[in-house]
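Colleague: requesting a structural model of the entry that follows:
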Amino acid sequence: MDILSIEGLTKHYSSGWPGRPPLVVLSGLSFSVAAGEIYGFLGPNGAGKTTTLKILMGLMRANSGTAKVFGYAAGDIRAKQRTGFLPESPYFYDYLTAEEFLGFYGRLAGINRSELSGRIIQMLQLVDLTEARHRQLRKFSKGMLQRVGLAQALIHDPELIVLDEPMSGLDPIGRKLIRDVILNLRDRGKTIFFSSHIIPDVEMICDRVGIIMKGKLLATGRVDELVRRDHVQSVEVVCEGVEVNKLSGIEPFASRVRQQGRQSLIILQQSHNLERVLAEIRKHGGHLISVTPQKGTLEELFLNPSCSLSEVGG
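Modeller: Here you go, the predicted structure:
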């Protein structure tokens, strides 16, 4: 079942100058997010990610196309009641404490007072802010604000969580905590849709991704499909007991060789040449340490705008 679906979505703005074409932000965008999955919306700054999320949340209107959440038109109150949202640049009430802040949003979400105090404690524990519960938000770091913002999005136990750049500006510890929370939510049956330009985070935790570039969907599908996990890009061979300058038979196949002490590193661009190289190493008395296939990454796809959806499938 699709929790979220977009079909032929377009958004453009007037240039403000007579005779000039409008500024196109989204151009025929179509994709869907299934129940219980983590879907990463990947693209550079200015690609149209935030505009898409604002349309889905009912904060902005599209010029054409449809956007539905739980089968309702984007912005419908029945969909909002089941959705948690963290915008890219949220506003926080500086003089509220973390506990007061979550209490305010919990009451807005209609949580009764008898249940709310327990939910606040649970959320603060989830984002590792229990010790800061009585601290005013103006004294929070960027990472702490991001975490309390995530707690706000989760306070009413939504089925769908929509996050706009949730890991942007965080240090490695903060990014790991957010990743762990997202994975925990998926394990509890929640659906997570988040945008990001941080490729390793998307590649690490997402079930599926969509790559957007200049308002158009470049590719969508499972991460292993998009990066062609069955297609080995290169092979890294590490051996010892032989000097690489004596392995003349590998020169036609190796794109890079490096000697460091007794060990040698050899990079092959084509995996089908591996057996020839291994034979050459054995011929000169070398010992194999490791053979590591180097496969495609989302970064290669992300940085290659000439690659089309039909080329990567999905």
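
Colleague: where along the chain do the strands fall?
Modeller: Using DSSP state E, the strands found in the chain span residues 2-13, 23-34, 38-42, 64-69, 72-73, 83-86, 160-164, 191-196, 208-213, 216-222, 232-240, 254-260, 263-268, 287-295.

Colleague: orientation of the first one relative to strand 23-34 in degrees?
Modeller: Between strand 2-13 and strand 23-34, the angle comes out at 180 degrees (axes from the mean of the first three to the mean of the last three CA atoms, to 10 degrees).

Colleague: one step back: reformat the strands of the chain as CSV; add distance to Lys142, mean pLDDT and mean neighbour count.
Modeller: Every C-beta, even on glycine, is put in place using the N, C-alpha and C of the backbone. Shown next, in CSV, are the strands of the chain (distance: least, CB to CB, whole Å; pLDDT from 0 to 100; neighbours: other CB atoms under 10 Å):
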stretch, distance to Lys142, mean pLDDT, mean neighbour count
strand 2-13, 28, 94, 18
strand 23-34, 27, 94, 18
strand 38-42, 22, 94, 25
strand 64-69, 29, 96, 18
strand 72-73, 34, 96, 13
strand 83-86, 14, 96, 22
strand 160-164, 15, 96, 23
strand 191-196, 16, 95, 24
strand 208-213, 25, 91, 24
strand 216-222, 30, 88, 20
strand 232-240, 36, 80, 17
strand 254-260, 39, 82, 12
strand 263-268, 39, 85, 20
strand 287-295, 34, 80, 13
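
Colleague: reformat the ones you listed as CSV; add distance to Lys176.
Modeller: Below are the strands of the chain laid out as CSV (distance: least, CB to CB, whole Å):
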stretch, distance to Lys176
strand 2-13, 26
strand 23-34, 24
strand 38-42, 15
strand 64-69, 29
strand 72-73, 35
strand 83-86, 17
strand 160-164, 16
strand 191-196, 14
strand 208-213, 19
strand 216-222, 23
strand 232-240, 27
strand 254-260, 31
strand 263-268, 30
strand 287-295, 24
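
Colleague: relative to Val202, which of those is closest?
Modeller: Closest to Val202 of these, according to CB to CB: strand 38-42, at 3.9 Å.

Colleague: and the closest one, how far from the chain's centre?
Modeller: Distance, stretch centre to chain centre, for strand 38-42: 5 Å (CA atoms, centre = their mean, to the nearest Å).

Colleague: before we move on, back to that, of all the strands of the chain, which one is nearest Pro172?
Modeller: Nearest to Pro172 among these is strand 191-196 (15.0 Å), distances taken as CB to CB.
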